[in-house]
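> test case, fold it:
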Amino acid sequence: MEMVKDALNWFEIPVADFERARRFYSTIFDFDMPVQPMGDQMLGFLLHEMGQGVGGAIIHGDGSVPSKDGTCVYLNGGNDLQVVLDRVVAAGGTILCPKTQITPEYGYCAWFGDTEGNRVGLHSMH
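Sure, this is the predicted structure:
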């Protein structure tokens, strides 16, 4: 396989209760999540620069089963992930791992549990 710029093109976080999950992610990232039906599924799009960066969505429908044990996606925490992490508990989630430095070169990470039972990571350089 040829070398590619990014290892990730798109991601979907499965949710059991779409409106509850939409409120959760809208609250912790402080934006109004756009939604769109796609066949028998409903998607809520996470904030990203369209056409410039890697995007993702929450997804509800057949085959979308939340899990704390599967793949962990790390969402961009902006300049300082602590800002987003500080909103998690009030929005109905749990802190699974507090802000932790990876290395000075790689910045910081944290994990939270969302309202649907998924383990989700955050990353930032500060």
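> could you find the closest non-adjacent residue to Leu75?
Spatial nearest neighbour of Leu75, chain neighbours left out: Leu122 (5.6 Å); criterion: Cβ to Cβ, 6 or more residues apart in numbering. Where you see a C-beta, it was placed from the backbone N, CA and C, and this is true even at glycine.
> where is the longest strand in the protein?
In the chain, ranked by residue count with DSSP state E as the criterion, the top strand is strand 94-103.
> run through who's touching that strand.
Contact partners of strand 94-103, identified using Cβ atoms under 8 Å, 6 or more residues apart in numbering, comprise 81-82, 85, 88-89, 107-113, 119.
> tell me where the protein has strands.
Secondary structure of the chain (DSSP E): strands located at 10-14, 35-38, 41-45, 55-60, 74-76, 94-103, 107-113, 119-124.
> burial count for the residue nearest to Val88 when sequence neighbours are not counted?
Leaving out its chain neighbours, the residue that sits closest to Val88 by Cβ to Cβ, 6+ apart is Phe112, at 4.6 Å. Phe112 has 25 neighbouring residues, counting by other Cβ atoms under 10 Å.
> start the count at 10, not 1, going forward
Taking 10 as the first residue, the last one we looked at is Phe121.
> who does Phe121 bridge with?
Beta bridges link Phe121 to Ile104, Val129 when assigned by DSSP bridges.
> measure it to Asn18 for me?
Here Phe121 is placed at a distance of 24 Å from Asn18 (Cβ to Cβ, to the nearest Å).
> try Arg96
27 Å.
> touching the longest helix seen in the chain from outside, list them.
In the chain, with assignment by DSSP state H, the single longest helix is helix 27-38. Applying Cβ under 8 Å, 6+ apart, the external contacts of helix 27-38 come out as 22, 24, 41-42, 44, 51, 53, 55-56, 67, 69, 93, 96-97, 99-102, 123-125.
> ok, of those residues, which come out buried?
The neighbour count (16 or more other Cβ atoms under 10 Å) marks 22, 24, 42, 51, 53, 55-56, 67, 69, 93, 97, 100-102, 123-125 as buried among the contacts of helix 27-38.
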